[in-house]
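Q: Just the structure for this:
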Amino acid sequence: MMDKKLVTSLQQTLGTSANQNVIVAVDRIFTGSDRLDGSAIVYFTDALCKISCEELNNPVAHRMFSLQKIVEISYYNMGRIRIEWSKIWHVIGDHFNKVGCSPNEEIAAFAVDSLRQLSMKFLEKGELPNFRFQKDFLRPFETIMKNNENNLIRDMVVRCIAQMVNSQARNIRSGWNNIFSVFHMAAADRDQAIVELAFQTTASIFEQYFSVIGDSFQDAVKCLSEFACNAAFPDTSMEAIRYIRRCANYVAENPEQFAGDENNQENVWVKGWFPVLFELSCIISRCKLDVRTRALTVMFEIMKHHGKEYKVAWWRDLFNIVFRIFDHMKLTDLTPEQYRIQRKEWMTTTCNHALYAVVDVFTQHFSILSELLIELLNLIQWCVKQDNEQLAKSGMNCLENLVMGAGHSFKEADWDLIIDTITDVYAQTLPADMRIWKPTLDTSFDQESLHSDTSMEPDNTQLAVSRADKNLFQHLDIGCVVQAEIVQTIDNIIFFPASSAKEDARTDPYYISEESDTPLPEGMFNFLTTKQLFRIVECLFESHKFSKGFNMDIDQRKILWKYGFKGKTLPDLQKQETTSLLCSLRILHKIYSDMTRVDEWPKTEIYLHRLTVESFEYYTMLEEDKRRFSWGKIVILMLKKMMLLDDERFVVILAKCYNQICHILAQDNERDLQIVLSKFFLRARDPLFKTTS
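A: Numbers count the residues shown, from 1 in each chain. Alright, predicted model coming up:
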């Protein structure tokens, strides 16, 4: 009989040999998979992926044998024609999506590393034009980055992509979309290592490979925008905005790359300029003050430097983007108090900055943008009506800047739009409730004391009002500010500030004779028709009438003061009352001295005569020293304007207001007015004697 030990040894040898034969046979199944036809390899791959899922989901001990074999057959079959490989990868890629998002860190890490190896091999082959296989191949990285929250795995994904860029950038074509998509997701991360590596790689792409990213330009800009919006890394935000600025320069210098083979200029806007400007507007809408201010500055710098290249249709799209800035505060997830605070801060900073910037750009490129004037004026009106004093003032200042900068190029229809805006703003911001407001629940305020107390100075006791009335008072106060700004804007537009200041200086009775004066700057007066000027005068009359009526209503002013309106002094509209009248006088006398408007002199005379008589009569009735002093300057200006008329017209207007001037003469007037009255009657001597001789 054979020795038992020999038998055991022979059995072990035969068993080992059999196992090796089995392993070799199994390996041949995978190594020979490249000889399967197109349909068979897909079935084979699908079956292998299902087995791999069962192995990985084994609750006792997971195995990665089949997953490793999937990687191997991917290598063996990568040389197939693209259409066959695409079908294979559709199955394998879906499997990697699942495995890469596994909660088991070891499995997910193996999947990501396997993807990296396969991707590097695949990218070495490059990609023919008009094919998108790289995009399909790299998509699992996007899926894993999006769905796996494990920081280690996310970091691995970013490092894998960074390695591909550093070693295979010249071979990447459609894969740039996936790369920027992964970095876009990394940009919003809170892990510093992930964000820094992603941004460093993105920056290297812009520094070294900008010219090869092709159709992925929009994805690249969107990726930079996401970096800019990560509030946890402000330095990265500023750098990202700098790179977006470089993107704009690249579009300007290489428009042919965006126009395409057919030289379609619309593509330069759609694929080049629009993504840059749109993403900057998104940064403005999403970021904190310092970052959004920088984005806003860059956005308008691009418009100013490159706007001459834009078509009107492009500008229209661009203004739709810009106007989104002003609609930003339409938020629903804030408490009323949070909304109020954020809205105020937004309007005082970003809206204010944006409004000045958009008017500056509009003025610079008015020859192209004239068709969009109505949209800009609507925006200015919106800003003025927002119950924000600073923004309201800025709105009127911007209207003035617009007219000062582009008024020389306005057509008559443009001026009509400007005047429509002024009159609409006047009507919509008129604080009419000041004349009629009464406390809703008032048991402590003695109404009779209003009539028994004739003093102009109320006592220091103020009464409480409801929150609604406080809000109303704030609204009325801003309305008063806007009304004064309207008058000042009109005066500055028509005469220029320097001209009006010199005109006011002439109310000094010691002022040197006008004959030695240099001509005053004309402002925009000569660009407006007389009909348009009369419309402005009517608006000024209404402003004067309203403020004058309020100032005369002492009882109503005391009620408002008692309840805290306008602080510690009795509220008045003295400035609005006088400046609106002075501006009206300047306009009417300017028309009346303009030889090109002789046909309009009869109508102007009617305005002037009525205004002069009413003003002189009102002055004689004033008792308050403060108001008499303010009105004294108006009377002086009126008298001096009359003295400059030729004898014929001087006698006509003198006859209309002679009695009122005599009444003024009989009063206790300031010395300045007395001197002017003396000069006035000396001026009247010769024409009066001539007419009576």
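Q: make it CA atoms for all contacts and neighbour counts henceforth
A: Will do.
Q: So which elements touch whichever helix or strand Glu72 is part of?
A: Using DSSP states H and E, Glu72 maps to helix 65-77. Packed against helix 65-77 by the contact rule (3 or more C-alpha pairs under 8 Å, 6 or more residues apart in numbering; DSSP states H and E) you find helix 4-31, helix 38-56, helix 105-123.
Q: Output the contacting helices and strands for the helix or strand following the last one.
A: I take that to be helix 105-123. Per DSSP H and E, the first helix or strand lying C-terminal to helix 105-123 is helix 133-147. Helices and strands touching helix 133-147, by 3+ C-alpha pairs under 8 Å, 6+ apart, are helix 82-100, helix 105-123, helix 151-168, helix 176-187.
Q: how many degrees apart are the shortest one and helix 151-168 in direction?
A: By that I understand helix 176-187. Relative orientation of helix 176-187 versus helix 151-168 (axes from the mean of the first three to the mean of the last three C-alpha atoms, to 10 degrees): 140 degrees.
Q: got the angle between helix 176-187 and helix 133-147?
A: Going by the same axes, to 10 degrees, helix 176-187 makes 10 degrees with helix 133-147.
Q: what do you get for the first one?
A: Taking the same axes, to 10 degrees, one finds that helix 82-100 is oriented at 10 degrees with respect to helix 133-147.
Q: Need the contact partners of helix 82-100.
A: 38, 41-42, 45-46, 49, 70, 77-79, 107-109, 111-112, 115, 133, 137, 139-141, 143-144, 148 (C-alpha atoms under 8 Å, 6 or more residues apart in numbering).
Q: For the residue nearest to Lys222 when sequence neighbours are not counted, give me the pLDDT.
A: Leaving aside its sequence neighbours, Lys222 sits nearest to Glu279 (C-alpha to C-alpha, 6 or more residues apart in numbering; 6.3 Å). Per-residue confidence (pLDDT) for Glu279: 96.
Q: In the stretch 1-150 of the chain, where is pLDDT below threshold?
A: 1-26, 128, 130 (pLDDT under 70).
Q: let's see it at 90
A: Applying pLDDT under 90 to the stretch 1-150 of the chain flags the ranges 1-36, 38, 57-65, 75-76, 78-86, 121-136.
Q: Ok, the stretch 351-500 of the chain next?
A: 386-387, 438-471, 495-500.
Q: ranges for the strands of it?
A: For the stretch 351-500 of the chain, no strands are identified by DSSP state E, counting those that start in this stretch.
Q: what comes up buried for stretch 226-241?
A: Within stretch 226-241, the residues that count as buried by 16 or more other C-alpha atoms under 10 Å are 226-234, 236-241.
Q: what comes into contact with it?
A: 184, 187-190, 199, 224-225, 280, 283, 286-288, 291, 294-295, 298.
Q: and what of stretch 681-688?
A: Under C-alpha under 8 Å, 6+ apart, the answer for stretch 681-688 is Met643, Asp647, Glu648, Val651.
Q: quick one, helices of the stretch 201-350 of the chain?
A: 217-228, 234-253, 256-259, 265-267, 274-286, 289-306, 312-326, 336-346 (DSSP state H, counting those that start in this stretch).
Q: Deepest-packed of these, please.
A: Mean neighbour count (mean count of other C-alpha atoms under 10 Å) peaks for helix 217-228 among the helices of the stretch 201-350 of the chain, with a mean of 26.
Q: just the CA coordinates of that helix, formatted as PDB?
A: Output of helix 217-228 as PDB, limited to C-alpha atoms (Å, rounded to 0.1, in the frame of the first residue of the first chain):
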ATOM      1  CA  PHE A 217     -16.100  79.300 -21.200                       C
ATOM      2  CA  GLN A 218     -19.500  79.800 -19.600                       C
ATOM      3  CA  ASP A 219     -18.900  77.000 -17.200                       C
ATOM      4  CA  ALA A 220     -15.600  78.500 -16.300                       C
ATOM      5  CA  VAL A 221     -17.100  81.900 -15.500                       C
ATOM      6  CA  LYS A 222     -19.900  80.300 -13.500                       C
ATOM      7  CA  CYS A 223     -17.200  78.400 -11.500                       C
ATOM      8  CA  LEU A 224     -15.400  81.600 -10.700                       C
ATOM      9  CA  SER A 225     -18.700  83.200  -9.700                       C
ATOM     10  CA  GLU A 226     -19.200  80.400  -7.200                       C
ATOM     11  CA  PHE A 227     -15.800  80.900  -5.700                       C
ATOM     12  CA  ALA A 228     -16.600  84.600  -5.300                       C
END
